[in-house]
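In: when you get a sec, could you give me coordinates for this:
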Amino acid sequence: MAHLHDHLSRHDESAAIFSPSVARIAASTARDWSHVESWLASKFPPGRALPSFERNQDTLKALLVLATANEAADEQRQLLARADASALAENRGRASTGSKPDNHALRPHLLREDLLTLIQRQLPHEGTNALDCLAKVAVQARTAFAEPQRLGCDIMSLQGTLFELEQMVARLDSLERQIQLEAEQTASLLRMWQRDSFRPPPDSAKENLDLQRKIKSMSSHLDNLRDHAAAKMPPVNASHPTIGDVSLQEKDLLALLSCKKELDAQIAAFEGLPNDPIKARSELDALRRQLQTFSSHRDAVFEGLVERESPVRRR
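Out: Residues are numbered from 1 along each chain as shown. Reported below is the predicted structural model:
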């Protein structure tokens, strides 16, 4: 590394002999390196050698920036220290040479103001910043007595309230997203139900009236059959029934049972319909649509079966 640095130095010297601009750049670089080395040496203990590092333009630029920033910070710190020392010496001189006026005994508020001013002047820079921060927090909290414990409790209460509000906002956002999702699904269902496939056929009202007429006629016919069966039944002779009477009654009973089965089969088709005509019409329309769906499915299955089983026509 040192050999390479010496070689580059000799190359720069030989180039500087023939080019004044190169000579000026080399002199400026040498001054920068000298400044950086002196600054680094000031940061290490006396007698300790500098650590070895790569010497190039990037390293020089970074070290110059670091040295400049460090020196600026040191100058600012020295200015603050001199200002604090000057203010402290001035306050001590005033305290040693000055005397309290006589009217302080008559005006306690002047003594209080002088005391507060003196305390504020004697505070260090960190103490002044802390006092300003405490005063600002007290003003924001709208409290007359800036007690650290009370301010801390208020800050913790505000922090808890803030957390609760954040949780509430998160829950409201989740509820809003759920409501939007439900609204989108409801709108989709509404659009689907407004299609023509969900509308009742135009002749559903007429068919419903026909079914009601049939139901009424069947009900009246059933009552007539019951009356007719009751009229045909012979009077019961409880004293001495014969075998012939029992046989005739058995035949009549079997005929009535078969008639009852037929009537039950006819009424079973209308058993699930409600008494309200509107509700009955709705259920009838639903059953009709279901029948149409099953018929369409049956026809589709049959056509698919026929196409699959039929031989392929050859041209």
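In: count the neighbours of the nearest residue to residue 122 once chain neighbours are set aside for me.
Out: Using CB to CB, 6 or more residues apart in numbering and skipping the chain neighbours, the partner closest in space to residue 122 is residue 91 (6.5 Å). C-beta coordinates here come from the backbone N, C-alpha and C atoms, glycine included. When neighbours are counted by other CB atoms under 10 Å, residue 91 registers 14.
In: tell me the confidence at residue 91?
Out: On the pLDDT scale, residue 91 is placed at 71.
In: list the contacts of it.
Out: Counting by CB atoms under 8 Å, 6 or more residues apart in numbering, residue 91 makes contact with 118, 121, 122.
In: okay, the first one and residue 132: tell me how far apart.
Out: It stands for residue 118. Counting by CB to CB, to the nearest Å, the gap from residue 118 to residue 132 is 18 Å.
In: on that earlier part again, can you put the contacts of residue 91 in a markdown table and add pLDDT?
Out: Listed next are those as a markdown table, based on pLDDT from 0 to 100:
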| residue | pLDDT |
| --- | --- |
| 118 | 77 |
| 121 | 76 |
| 122 | 76 |
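In: let me know the closest of those residues to residue 44.
Out: Of all the contacts of residue 91, residue 122 has the smallest distance to residue 44: 37.3 Å, by CB to CB.
In: and that closest one, backbone torsions?
Out: phi -80, psi -10 (degrees, to the nearest 10).
In: what about it, neighbour count?
Out: Taking other CB under 10 Å as the criterion, the count of residues near residue 122 is 13.
In: SS state for residue 52?
Out: With DSSP: H, G, I helix; E, B strand; the rest coil as the basis, residue 52 sits in coil.
In: okay, the nearest residue to residue 280 once chain neighbours are set aside: pLDDT?
Out: Excluding the flanking residues, the one nearest residue 280 by CB to CB, 6+ apart is residue 273, at 4.4 Å. pLDDT, residue 273: 71.
In: now swap in residue 187 and tell me
Out: Listed pLDDT for residue 187 reads 92.
In: quick check: which element contains it?
Out: Of the helices and strands defined by DSSP states H and E, residue 187 is found in helix 148-193.
In: name the residues of the very next helix or strand once past that helix that are buried.
Out: Per DSSP H and E, the first helix or strand lying C-terminal to helix 148-193 is helix 204-232. Neighbour counts over helix 204-232 (16 or more other CB atoms under 10 Å) mark 204, 208, 211, 212, 215, 222 as buried.
In: now stretch 50-60
Out: Neighbour-count burial for stretch 50-60, counted by 16+ other CB under 10 Å, picks out residue 55.
In: give me the residues contacting it.
Out: Where contact means CB under 8 Å, 6+ apart, the residues beyond stretch 50-60 that reach it are 1, 5, 29, 32, 33, 36, 37, 40, 41, 44.
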